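# Need a 3D model of the following:
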Amino acid sequence: MLAVQSGTEAEALAAEQAPDLLLLDVGLPDGDGDEVCRRVLEASDSPPAVIFLTARVATADRVTGLGAGASTTWRSRSSRRS
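Below is the predicted model of the structure:
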């Protein structure tokens, strides 16, 4: 498992390592996880599965992530109400 801190790093690492799976946050410090997902999938000859882990709870956010090519989206524990 390899970890990065930004979308730019994620794209570079995906191009270099050709991972089987990407676990992305929707909100990245340098941009939008949805766009990172699209670019990684478009640039790959063997696209990885993509899972978004996010604190966002709106259905529209899930639809956007799936539209970008994610296999699924998971809400993080911090997004659940007590």
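
# burial measure for Ser46, as a count.
Ser46 is surrounded by 7 other residues when neighbours are defined as other Cβ atoms under 10 Å. Glycine gets a C-beta too; all of them are placed from N, C-alpha and C.

# surely it meets Pro19?
No: with contact defined as Cβ atoms under 8 Å, Ser46 and Pro19 do not form a contacting pair (9.7 Å).

# can you count the residues close to the residue nearest to Val4 when sequence neighbours are not counted?
When the adjacent residues along the chain are set aside, Val4 lies closest to Ala10, with 5.1 Å between them (Cβ to Cβ, 6 or more residues apart in numbering). Using other Cβ under 10 Å, Ala10 has 26 neighbouring residues.

# Spit out the contact partners of Ala10.
Contact partners of Ala10, counting by Cβ atoms under 8 Å, 6 or more residues apart in numbering, are Val4, Leu22, Leu24, Leu28, Val36, Val40.

# mind redoing it with 7 Å?
Residues in contact with Ala10 (Cβ atoms under 7 Å, 6 or more residues apart in numbering) are Val4, Leu22, Leu24, Val36.

# Highest neighbour count among those residues?
When the contacts of Ala10 are compared by neighbour count (other Cβ under 10 Å), Val36 ends up highest, at 25 neighbours.

# For that residue, which non-adjacent residue is closest in space?
Closest residue to Val36 apart from its sequence neighbours, by Cβ to Cβ, 6+ apart: Gly7 at 4.0 Å.

# what's the longest strand in this structure?
Counting by DSSP state E, the longest strand found in the chain is strand 49-54.

# Next, the buried residues of that one.
Of the residues in strand 49-54, those buried under the neighbour-count criterion (16 or more other Cβ atoms under 10 Å) are Val50, Ile51, Phe52, Thr54.

# ok, these vs Gly65, which is closest?
Ranking the buried residues of strand 49-54 by separation from Gly65, with Cβ to Cβ as the measure, puts Phe52 on top at 4.4 Å.

# Isn't the closest one up against Gly65?
Yes: Phe52 lies in contact with Gly65 (Cβ atoms under 7 Å); the separation is 4.4 Å.

# okay if I get the contacts of Ala10 as CSV plus distance to Arg75 and pLDDT?
Rendered in CSV, the data for the contacts of Ala10 read as follows (distance: Cβ to Cβ, whole Å; pLDDT from 0 to 100):
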residue, distance to Arg75, pLDDT
Val4, 22, 93
Leu22, 18, 91
Leu24, 14, 88
Val36, 19, 92
